[in-house]
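Student: Sequence plus the predicted model coming up.
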Amino acid sequence: MLTYEGKVYRPPSEWRSLIVQATVGCSNNTCTFCGMYKEDHFHIKEEKDLFRELEEEAQAFQDYEKIFIADGDALCLSTDRLLRLMTKLKDLFPLCKRIGIYATALDINRKSLEELKKLKEAGLGIVYLGLETGSNELLKKIKKNMEAEDYIKAAAKLHEVGIFQSVTLITGLAGAGKSISYAKETAEVISQMNPEYVSYLTLMLDEGSELLESYKKGEFKPAGPDEALEEIYVFLDHYHGKGPSVFRSNHASNYLSLAGDLPKDVENLKTQIRASIRNEAYKDESFRRL
Ligand code: SF4
């Protein structure tokens, strides 16, 4: 049977998938808001052990329709290694229709179009990417190690080879009173990336994260509910992508559950947010004018 090291995370939409932990931790592991892999020393699992465990798993149950390769940015693995793994997965689990993986924009950009095409042909159907914000100033502040242009380039490569992308954004990363001003840049980057899926989470102060330590020292003040909603509102107001992008903001961390398709449902989503924001004190100038 499959064994796992440390805490294993997966996107909500992969809840029915077989989770295959090919790497442990995150090779980037610098983001100030993220505590997911802070206790893990990044390493690649032994291929022969992993394959043996997969063979055992397949003897017990074969009928997985989706498989998710973990951990944090498993696309950092070499293309040859990923192809060997995906070929093995397809052999052992013939009903699998889609393989998903977490990646950073840098992982994608390190691979050539030819490599990405081979991965697509081997079954890679979706890549989950954390953009968090489209502002380079804020990306630097949260130590993401990547710039908005890296994401735009990565998105174009994925579109070219036909691999779907699911992009995550986070409200409140700059703290109270500062986060809304970055939403316009986020809208611009997402409009250019034009991902198949985009979701907004609300900042949670993760155990082990640098931001939690800043909060404890009184250096970071989290944004409140109205401010978080207003950030999403400003994002939607400036979004001009051609879509269609499935938009979700219905994670347990969100204050208001939102779901729709972009750009079709932008006005409807904005109306829902307007109806929910009560506190005038949080409304910045741009919002009051809208
Ligand atoms: S947010 Fe993603 S890239 Fe950053 S440390 Fe966490 S898992 Fe790694």
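Tutor: Received it, and whenever you're ready, just let me know what you need.

Student: any idea what residue 67 is structurally, helix, strand or coil?
Tutor: Of the three states, residue 67 takes strand according to DSSP: H, G, I helix; E, B strand; the rest coil.

Student: Pull up the gap between it and residue 87, please.
Tutor: For residue 67, the distance to residue 87 equals 12 Å [CB to CB, to the nearest Å]. (Glycine included, C-beta is placed from N, CA and C.)

Student: And the two? Which one has more around it.
Tutor: Ranked by neighbour count (other CB atoms under 10 Å), residue 67 and residue 87 place residue 67 first, with 25 against 12.

Student: and the more buried one, what are its bridge partners?
Tutor: With DSSP bridges as the criterion, residue 67 is bridged to residue 18, residue 99.

Student: can you pull the contacts of it?
Tutor: 17-20, 89, 93, 96, 98-100 (CB atoms under 8 Å, 6 or more residues apart in numbering).

Student: With residue 206 instead?
Tutor: 33-36, 212.

Student: One more: residue 208?
Tutor: 35, 38-39.

Student: please redo it, this time with the cut-off set to 6 Å
Tutor: Residue 208 is in contact with 35, 38, counting by CB atoms under 6 Å, 6 or more residues apart in numbering.

Student: and it, how far is that from the ligand?
Tutor: Residue 208 sits 11 Å away from the ligand, going by CB to the nearest ligand atom, to the nearest Å.

Student: Of the contacts of residue 206, which are in range of the ligand?
Tutor: Among the contacts of residue 206, proximity to the ligand is found for 34, 36 (CB under 6 Å from any ligand atom).

Student: Now residue 53: closest residue in space that isn't a chain neighbour?
Tutor: Of all residues not flanking residue 53 in the chain, residue 2 sits nearest, at 5.0 Å (CB to CB, 6 or more residues apart in numbering).
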